[in-house]
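Build the 3D model from these lines:
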Amino acid sequence: MKELLLLRHAKSSWEEPGLSDAERPLAPRGRRAAPRMGRELAQRGWFPDLVLVSPARRAQQTWRLVSSALKGPAPAIGDGSGLYMATPGQLLAALHKVPEEAGRVLVVGHNPGMEDFASLLAGNGSGEDALERMREKFPTAALARFAFDGRWDALAFGGARLLHFMKPKDFSASA
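Numbering: from 1, shown residues only. Coordinates of the predicted model:
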């Protein structure tokens, strides 16, 4: 069984209006939420084998903060160059290139593509509560955990089971 962790980047800052969208950094709330999610991943033992991260500054910062809190084995870092503002089809295409030996993959990306992709990916056997929560809102620093049988290059929309959906506010009121 393979696992896919979809993590939306943490809350970004809009305080520097001259920056391009790709250069926006994390806001203070995002800098608190990202390590919180990393600690939760570590507590649950969900250590990725491979990580794909959008090149956007806020996504890169999110991953650095998550990974510093994971304190587990260092995962391989794959090519995330096509993940900036990726569509569901582009996200699926990126996952089709994942090496088969990767059992658990973490993707750090953006909305609306991340939320749309997660909704399209969830198929039969998905947890009702997790699916309802995810479809209600996929906020910054939220994580969807999927499982599927088969190969990465055969992953299809509707072909995975949503097992968990969690957001920083699930673990602390100050997120």
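
Show me the shaky parts of the protein.
172-175 (pLDDT under 70).

got the contact list for the helix or strand hosting R145?
Assigned by DSSP states H and E, R145 belongs to strand 143-148. The contact list for strand 143-148 (Cβ atoms under 8 Å, 6 or more residues apart in numbering) reads 1-8, 37, 41, 46, 118, 121-122, 130, 134, 138, 155, 159-167. Every residue, glycine included, has its C-beta placed from N, CA and C.

Buried residues of the longest helix anywhere in the chain, list them for me.
When the chain is scanned for its longest helix (criterion: DSSP state H), the result is helix 28-44. Buried residues in helix 28-44, counted by 16 or more other Cβ atoms under 10 Å: 29-41.

Just put those in JSON lines and tack on distance to L52.
Shown next, in JSON lines, are the buried residues of helix 28-44 (distance: Cβ to Cβ, whole Å):
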{"residue": "R29", "distance to L52": "24"}
{"residue": "G30", "distance to L52": "19"}
{"residue": "R31", "distance to L52": "22"}
{"residue": "R32", "distance to L52": "24"}
{"residue": "A33", "distance to L52": "20"}
{"residue": "A34", "distance to L52": "16"}
{"residue": "P35", "distance to L52": "20"}
{"residue": "R36", "distance to L52": "21"}
{"residue": "M37", "distance to L52": "16"}
{"residue": "G38", "distance to L52": "16"}
{"residue": "R39", "distance to L52": "21"}
{"residue": "E40", "distance to L52": "20"}
{"residue": "L41", "distance to L52": "15"}
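
so what's the nearest residue to E115 once chain neighbours are set aside up against?
Spatial nearest neighbour of E115, chain neighbours left out: F138 (3.8 Å); criterion: Cβ to Cβ, 6 or more residues apart in numbering. By Cβ under 8 Å, 6+ apart, the contact set of F138 is R8, N111, M114, E115, A118, A144.
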